[in-house]
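Trainee: Predicted model, plus sequence, below.
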Amino acid sequence: MNIELDLRRDAESATPELPDIGEAAAAAGLLDVAYATTDSPLGTLLLATTPRGLVRLAYVDYEDQDEVLEQLATKVSPRVLRVARRLDDPRRELDQYFAGRRQQFDIPLDWQLSRGFGRRVLEATARVPFGSTATYKQMATEAGSARAYRAAGNALGSNPIPIIVPCHRVLHSGGGLGGYTGGLDRKRMLLTVEGYSGLKQP
Amino acid sequence: MPRQRVSSPVHLPPFQTLLDTHGRDVHRFLVATVGGVDADDCYQETWLAALRAYPELRDASNLRSWIFTVAYRKAIDHIRVRRRAAVPVGDVPDIPVDAVPTLPDDGLWERVRALPDKQRTALALRYLADVGYEEIAAVMSTSQDAARRNVHEALKRLRTEYQT
């Protein structure tokens, strides 16, 4: 008889459901970043929120989920927990958007991952309405520097909250697609969802 | 002079990583030390205390050892409170740890529950949570020799009692 083996075997066989600590953490004010993943027509999305609002959305088929979470731990707070219920509102709004039943997002946003000029570009972008488009130059102008359209492009390329901050609605002045954080196919799909008909064939 | 807030020089992974990696073992450890009924409460207290302290952590080189230290302290607190609450009862010699609903009850675990606190804790760390002696020593603030001795004594006692 081997007691060490018995102890280990029994420990392995005991697999109770672990208590959830997400809600208790939120109640204690210790949930700095809550995240969840959700399926969408554009693939799996990672959503992350702070108590202030949605802080990050990532295409995890395109960006590595672990890296996104590491960035949040470093830039926002290491108190990062997976608490799906905290993302119910943005998930519902996204579902409605993809189902064609929503043109505008109402959830609060936390802009803390963007600063300065880049943030002003993204705030201008958030005002471009559903179904229409703008140019990099227009966004740069609205952010305070018409000549900084390249910098505007960079800011849009590192948009921490794509789809909801609709950087897909920003195109080149000549009508070309420009770039997109989740790849151009996704940009094309989003514009199609919104009924934009000015797309050039790839 | 205002205290300067120094940005943390240590790399702290997202807290969820700790929960995913060590959650199951922490729970097993608590089931064996405080019992199945109280383990869930202790588990939640452990992780909330850890979450509270986490951003200020100055040494992240052994997060497993750290989380088990937190769990160990919560378990000790819990056992102490229970003992104190039980004092008026009178001449009950030792407070039995609650039945462990999540572990098979073939006599072995009954014996484990009857072990002295230090032996039971060391044994639970070693075999339920798979914690090494160096870490057991760190968690329980003892020497490595004492950690070995506690586990050894626990096993010896279990062998004699279990086989009869």
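Mentor: That came through, no problem.
Trainee: ok, and the helix or strand in chain B with the lowest average confidence?
Mentor: The weakest-scoring helix or strand in chain B, judged by mean pLDDT, DSSP states H and E, is helix B:108-113 (a mean of 78).
Trainee: for the most centrally placed residue in chain A, helix, strand, or coil?
Mentor: Geometric centre of chain A, nearest residue: A:L57, 0.9 Å, by CA atoms, centre = their mean. Put simply, A:L57 is strand when judged by DSSP: H, G, I helix; E, B strand; the rest coil.
Trainee: now it: how far from chain B?
Mentor: A:L57 sits 17 Å away from chain B, going by CB to the nearest CB, to the nearest Å. Using the backbone N, CA and C atoms, a C-beta is placed for each residue, glycine as well.
Trainee: again with A:W111
Mentor: 21 Å.
Trainee: Checking the closest residue to that residue other than its chain neighbours next. Helix, strand or coil?
Mentor: Once flanking residues are discounted, A:W111 sits nearest to A:R119: 5.9 Å by CB to CB, 6 or more residues apart in numbering or on different chains. In three-state terms, and counting by three-state DSSP, A:R119 is helix.
Trainee: residues near A:R119, how many?
Mentor: A:R119 is flanked by 15 other residues according to other CB atoms under 10 Å in any protein chain shown.
Trainee: my read: A:P51 touches A:L31, true?
Mentor: Yes - with contact defined as CB atoms under 8 Å, A:P51 counts as touching A:L31 (7.5 Å).
Trainee: higher neighbour count, those two?
Mentor: A:L31 (24 against 13).
Trainee: thought that one was touching A:I21?
Mentor: No - at 9.4 Å, A:L31 does not count as touching A:I21 under the criterion of CB under 8 Å.
Trainee: Mutual contacts of these two, please.
Mentor: A:L81 (CB atoms under 8 Å, 6 or more residues apart in numbering or on different chains).
Trainee: and the helix or strand hosting A:A36, how far from the chain's centre?
Mentor: If you go by DSSP states H and E, A:A36 is part of strand A:33-38. Put simply, strand A:33-38 sits 10 Å off its chain's centre (CA atoms, centre = their mean, to the nearest Å).
Trainee: now swap in stretch A:135-150 and tell me
Mentor: For stretch A:135-150, the distance to the chain centre is 23 Å (CA atoms, centre = their mean).
Trainee: Show me where chain B has its helices.
Mentor: Assigned helices in chain B, in chain order: B:15-34, B:36-53, B:63-86, B:108-113, B:117-123, B:133-140, B:144-163 (criterion: DSSP state H).
Trainee: Of all those helices, which one is nearest A:R147?
Mentor: helix B:15-34 (43.1 Å; CB to CB).
Trainee: what's the closest one packed up against?
Mentor: helix A:65-75, strand A:80-82, helix B:36-53, helix B:63-86, helix B:117-123 (3 or more CB pairs under 8 Å, 6 or more residues apart in numbering or on different chains; DSSP states H and E).
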